[in-house]
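In: sequence and predicted structure, then a few things I'm wondering about:
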Amino acid sequence: MSNWRRSKRQTSSQQPSLPGLFAPFTKFRRLATHHEQALDIAHTRLAAAFFLFALAWLVIAGRLTELTVFSEAPEAPMSRTSIVEDGPGRADLTDRNGVVLATTVPTNLLCVDSKKLQNVEETRKQLLAIMPDLDPQKLDDDLHSSKHCAIVHRHLTPRQTYAINKLGMVGLEFQPDEGRLYPAGNMAAQAVGFTDIDNKGLAGAEKEFEQTLGARQEPVALSLDLRLQTILHDELNGAMSQFHAIGAGGLVMDISTGEILAMVSLPDFDPTRAGTASDSEKFNRDTLGVYEMGSTFKIFNTALALDSGSIHVGDTFDTIHPIETGRHTIHDFEREKRWLNVAEIFTHSSNIGSAHMAERIGATKQRAFLARLGLTEKVPFELPEVGAPLIPSAEDWSESTVMTAAFGQGIAVNAIQLAGAVATIVNDGIPVHPTLLKQTEIPTKDFPKKDRVITPRTSSLVRGLMRLVVTRGTAKGNDVTGYMLGGKTGTADKIVDHHYSKNSRLSSFVGVFPINAPRYLVFAMLDDPKGNANTYGFATGGRVAAPVVKQVVARIGPLLNIVPLDEDDEAAAEKQVLKPLNGQIVDGLPVDEGSNYASNESDRIQ
């Protein structure tokens, strides 16, 4: 009995003492053999390994949680072919409706590391095949340059990038770049302008708003309406081709705000390829070009005369005899051979009658009036390409100047100035300042505040006369049904070899509609047009420019939400606009008896 207890005590003392943590892996044994002892040791080691694995898993899980939840993700390195991801560095230019006119797009540039090239001659051959516009000499220099990255070409097209990448040539590398894109192409080229290879503005709005475009991401909205721009461009381009003119220009203005809704200068160019454009194509005829505008200036001469109080619309002047003044002889294109009243002088565009009216007003009042209209100084306008007017000094403002300025000779202005001055006359004399910015934008120029230039009564008289020009006068046949167009023709002989040429001219027409409640102004001019069979050989403003304005008004009227007047309403509006002229006689027909005025094809064409 004692031997059995002794044996049991000895066996129990030989069992290892395990911590309570591993108790689940042990059990009470009555007897422990050597095999059971080995098995117990294996269980212990397995439990220890499990514990260490669990501890490691907890540490790793904790670290992953810290990295993914509580830490910011590190920036991914940019590859050499990656695109710039922090947004464009130059803001867009848009039209007034948000249509993009100029935008920045990601591109690639190609550079070469000559030390890595395996076959220089083959590389040269392949690159010239893909990019034939490369300068071979410069390419040779780049391929033999010691630079790590000699720039071969900027602003690669996707097609060029693909073709070069497909070559698989070592030593040719791409870098991220940015280029300027002009989705409207040549449609508003001179107004929008262009940039250099580093996206710095060189002309047009791109140059004018250089700092603004580079300082913000929000687009700069111009006043242009691309829909109207396209229509004006189409009509001017057609007329330029039809009459074989060397150039053309025109604009559409909102009289109530001064906003330029369309501005076209022809010939033009694609701003994306401005480097290939000629000086003539880059030249903005609407702002930089200054011209003698011819008889359109009779709007100002007549307004001044009527507003002075010394001349009334029914006063008559001798238009039979040409005027000799200085070295000039003033005559009419189509002489009436009788005395004409002011209404007839304006309607028939008599130079002689206009000169007599100006002579009665005098130099001092005339020059001051033109200055108040903004025609004697450079007009403030949001483009760098703005030409200053060419006018005689006050000391040289002679009697001859007074007479010739009355019909737009001896004074040269740009189209923007002319439009602003005409808009002021028809706007009850309240100054209108042309602007290329949509008026929700912050103005870039402080326009001078000017007082009313003429009285509302004088303005209404001139509006009535402008209506007569379209219904009875030099622009007869160019009315637009339902839109009440009024305007004035202009045909100015150009100076060739220091003399006025009878075979070279600038023909123009400025129209306002609806003339009974002026809202929009449309101007068109053709540089040196040639007459054809349809115009009986004439190339005057009434023959070549007025039809352009007629077509533009007919096409843009619906886009401007102007509902055409029906026959009865148009008749009532006609009486309203001609009411200030009631009692006047034009060619033997009372003004208030309508526009059934007969004329042969050779008349009223100046």
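Out: Great, that's in hand. Numbers count the residues shown, from 1 in each chain.
In: was I right to think Ser280 contacts Gly247?
Out: Yes: at 7.4 Å, Ser280 and Gly247 qualify as touching, with contact defined as C-beta atoms under 8 Å. Backbone N, C-alpha and C define where each C-beta goes, glycine included.
In: between these two, which contacts overlap?
Out: Common neighbours of Ser280 and Gly247 (criterion: C-beta atoms under 8 Å, 6 or more residues apart in numbering): Pro267.
In: low-confidence stretches in the chain?
Out: By pLDDT under 70, the low-scoring segments of the chain are 1-43, 45-88, 441-450, 593-606.
In: more crowded one of Ser280 and Gly247?
Out: Shown here are Ser280 and Gly247; by other C-beta atoms under 10 Å, Gly247 has more neighbours (20 against 13).
In: verify the stated contact: that one with Asp527.
Out: Yes: with contact defined as C-beta under 8 Å, Gly247 counts as touching Asp527 (3.8 Å).
In: joint contacts of the two?
Out: Common neighbours of Gly247 and Asp527 (C-beta under 8 Å, 6+ apart) are Arg285.
In: hey, where'd the helices end up in the stretch 351-500 of the chain?
Out: 351-361, 363-372, 399-405, 415-426, 456-471 (DSSP state H, counting those that start in this stretch).
In: just the CA atoms of the shortest one, as CSV, please.
Out: Included here for helix 399-405 are C-alpha records, laid out as CSV according to Å, rounded to 0.1, in the frame of the first residue of the first chain:
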residue,chain,number,x,y,z
GLU,A,399,-12.8,126.7,-93.0
SER,A,400,-11.9,123.9,-95.4
THR,A,401,-11.8,121.4,-92.5
VAL,A,402,-15.2,122.6,-91.3
MET,A,403,-16.8,121.8,-94.6
THR,A,404,-15.1,118.5,-95.3
ALA,A,405,-15.5,117.2,-91.8
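In: what helices or strands is that helix leaning on?
Out: In terms of contacts (3 or more C-beta pairs under 8 Å, 6 or more residues apart in numbering; DSSP states H and E), helix 399-405 is packed against strand 323-325, strand 328-330, helix 351-361, helix 363-372.
In: and it, what's buried?
Out: Using 16 or more other C-beta atoms under 10 Å as the test for burial, helix 399-405 gives Ser400, Thr401, Val402, Met403, Thr404, Ala405.
In: how about the last one?
Out: Of the residues in helix 456-471, those buried by neighbour count under the rule 16+ other C-beta under 10 Å are 458-471.
In: distance to His144 added to those residues, as CSV?
Out: Listed next are these as CSV, based on distance: C-beta to C-beta, whole Å:
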residue, distance to His144
Thr458, 75
Ser459, 73
Ser460, 77
Leu461, 77
Val462, 72
Arg463, 72
Gly464, 77
Leu465, 74
Met466, 70
Arg467, 74
Leu468, 75
Val469, 70
Val470, 70
Thr471, 75
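In: and those, which is closest to Gly314?
Out: Gly314 lies nearest to Leu461 out of the buried residues of helix 456-471, by C-beta to C-beta, at 11.1 Å.
In: tell me the contacts of the closest one?
Out: Leu306, Val313, Pro580, Leu581.
In: neighbours of Leu390, how many?
Out: Neighbours around Leu390, by other C-beta under 10 Å: 12.
In: ok, back up a step: by neighbours, which of the contacts of Leu461 wins?
Out: Of those, with other C-beta under 10 Å as the count, Leu306 tops at 25 neighbours.
In: list the contacts for the nearest residue to that residue once chain neighbours are set aside?
Out: Leaving aside its sequence neighbours, Leu306 sits nearest to Thr458 (C-beta to C-beta, 6 or more residues apart in numbering; 5.0 Å). Listed by C-beta under 8 Å, 6+ apart, the contact partners of Thr458 are Ala303, Leu306, Asp307, Gly429.
In: likewise Leu128?
Out: Leu134, Pro136, Leu139.
In: just the closest of the buried residues of helix 399-405 to Arg360, please.
Out: Arg360 has its nearest neighbour among the buried residues of helix 399-405 in Val402, at 9.8 Å by C-beta to C-beta.
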